[in-house]
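> have a look; sequence and predicted model below, questions after that.
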Amino acid sequence: MVLIRPFNDSDNQKMLEIERLCPQGDENCAMGVDKKDVIARYGMYDNWNVLVAEEDGKIAGWIGLTIKTDPEKKEKYVYITEVMVDPAFQRTGIATRLIKEAEKKAQEMEAAYAYCYIYEPNKASRYLFEKMGYSEVRGIRFPGISTYKKLDVPSEYSIKPADIKIIDDAVAFINEYNSGFIHFTQFTNQTFESHLKLIPGYGQENFWVVRDKDNKIVACAGLWDSSELFNLCYAREPAAVKVMKSVFGALSHITRVPKFPAEGENFKVLYVVDYAFDKKQPDAMLALLKYLNNLSIDRGQDFLMAMTDPEDDLLTVIKKLKPQTETWNIFAKSFEGTLPTFSPFYVDIRDMVP
Ligand SMILES: CC(C)(COP(=O)(O)OP(=O)(O)OC[C@H]1O[C@@H](n2cnc3c(N)ncnc32)[C@H](O)[C@@H]1OP(=O)(O)O)[C@@H](O)C(=O)NCCC(=O)NCCS
């Protein structure tokens, strides 16, 4: 008999153990997730709910959700943060029960729709959400650059860490870049400062602004060290990565080569977040990415990664640095009326905790 109840602090340890048994993907490619605290991520949201499924007194799985509000349309919607079922209890309908309970909560809170992210190779999750009436609405790109070789940063740009006054200027720049992106809420100086503080592993000291020769802001971006909240590894490494690893392994004796972590080995990733740039000066963004590449090497990290809508101009810029690109698909379901158009889509970095 399955009981669904609210999370309590004493569940944390068991949930961490279950999560380590639950790679997201299929037999050919799966992402493993390792956290120190299952609930830490929820501290970044104004509200959250985690529902735990228990069978005969044992935790069998859980689902998490948070409700957000579009300040212009005043529309509420729900982000399903995660759904996880212990392999010992999978395929017995537990995730189905959890999703139904989460949707009941969402509707009680007057959410118009719910959305979640699913890693492209995660067929089980795709089939589950499709069966529950969700449809794929957008494919978010994750270009990742292996940071193994220092790059020349062109001298025509000045790249500086931002102080409070500069951040105020950058806020207007970020707002303009993202205006028209669904789920983007314009920042005020205060909300941007609290956003920088609220995200573990981020903060004002990790935000840079690029100016051109006329002292005009032409690009900006932050770096988020997400290892404060989670670590990722390939629990099952894709064949293409294995091939590249053996090719570069041979080359590594004669030159510097990209790092390919072993199966089960955590990636050391810095995320490029809150970026914006003058579309007429894409080279300014490229200069900033090269600068951040060098910083990633200085900090002993292996990858720089971004999360972006497929139509975001950042993709064109970052392609010049030859990234490996993965896709996480957004699935959504409406509770009333039709779903909004998820294009172009603003990625809320808090949602990027898998
Ligand atoms: C995805 C997951 C949550 C499914 O949980 P579950 O309790 O086994 O799912 P259910 O028993 O409710 O399955 C409902 C339907 O989903 C689909 N489904 C679930 N697992 C599947 C699988 N491994 N392969 C194919 N379809 C699957 C099926 O259509 C299934 O219906 P059926 O059993 O009648 O065929 C579970 O496999 C899991 O925890 N995976 C690892 C973590 C993860 O990927 N979470 C999602 C991202 S946060």
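Nice, thanks for sending it over.

> ok, the nearest residue to Lys216 once chain neighbours are set aside - contacts?
Nearest in space to Lys216, with sequence neighbours left out and distances taken as CB to CB, 6 or more residues apart in numbering, is Asp278 at 7.9 Å. Yep, even glycine has a C-beta here, placed from its N, CA and C like the rest. Asp278 sits next to 216, 218-219, 284 when contact means CB atoms under 8 Å, 6 or more residues apart in numbering.

> could you do Lys259 as well?
So Lys259 contacts 146, 148, 302 (CB under 8 Å, 6+ apart).

> mark out where each domain of the chain begins and ends.
2-140+329-352, 144-327 (automatic domain parsing).

> for the ones you listed, could you give me a markdown table that also reports mean pLDDT?
Shown next, in a markdown table, are the domains of the chain (pLDDT from 0 to 100):
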| stretch | mean pLDDT |
| --- | --- |
| domain 2-140+329-352 | 96 |
| domain 144-327 | 93 |
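
> for the ligand, which of the ones you listed is the nearest?
Among those, the nearest to the ligand by CB to the nearest ligand atom is domain 2-140+329-352 (3.2 Å).

> isn't Val2 up against Glu55?
Yes - if you go by CB atoms under 8 Å, Val2 and Glu55 touch, sitting 5.3 Å apart.

> identify the contacts common to these two.
Common contacts of Val2 and Glu55 (CB under 8 Å, 6+ apart): Ile94.

> get me the contact residues on this structure for the ligand.
Residues of the chain found near the ligand (CB under 6 Å from any ligand atom) are 22, 24, 82-85, 90-96, 122-125, 127-128, 131.

> may I see the buried residues of the lengthiest helix in the chain?
Criterion DSSP state H: the longest helix present in the chain is helix 282-298. Neighbour counts over helix 282-298 (16 or more other CB atoms under 10 Å) mark 282-297 as buried.

> can you name the next helix or strand after it?
For helix 282-298, the succeeding helix or strand toward the C-terminus, using DSSP states H and E, is strand 303-306.

> give me the helices and strands touching that following strand, please.
Judged by 3 or more CB pairs under 8 Å, 6 or more residues apart in numbering; DSSP states H and E, the packing partners of strand 303-306 are strand 135-146, strand 269-277, helix 282-298.

> now do 10 Å
Contacts defined by 3 or more CB pairs under 10 Å, 6 or more residues apart in numbering; DSSP states H and E place strand 303-306 against strand 135-146, strand 217-224, strand 269-277, helix 282-298, helix 314-318, strand 324-334.

> just those: most buried one?
strand 217-224 (a mean of 25; mean count of other CB atoms under 10 Å).

> just checking, next helix/strand downstream of that one?
strand 230-236.

> distance of Glu54 relative to Lys36?
23 Å (CB to CB, to the nearest Å).

> okay, those two: which has more neighbours?
Legend: neighbour count by other CB atoms under 10 Å for Glu54 and Lys36, higher for Glu54 (17 against 12).
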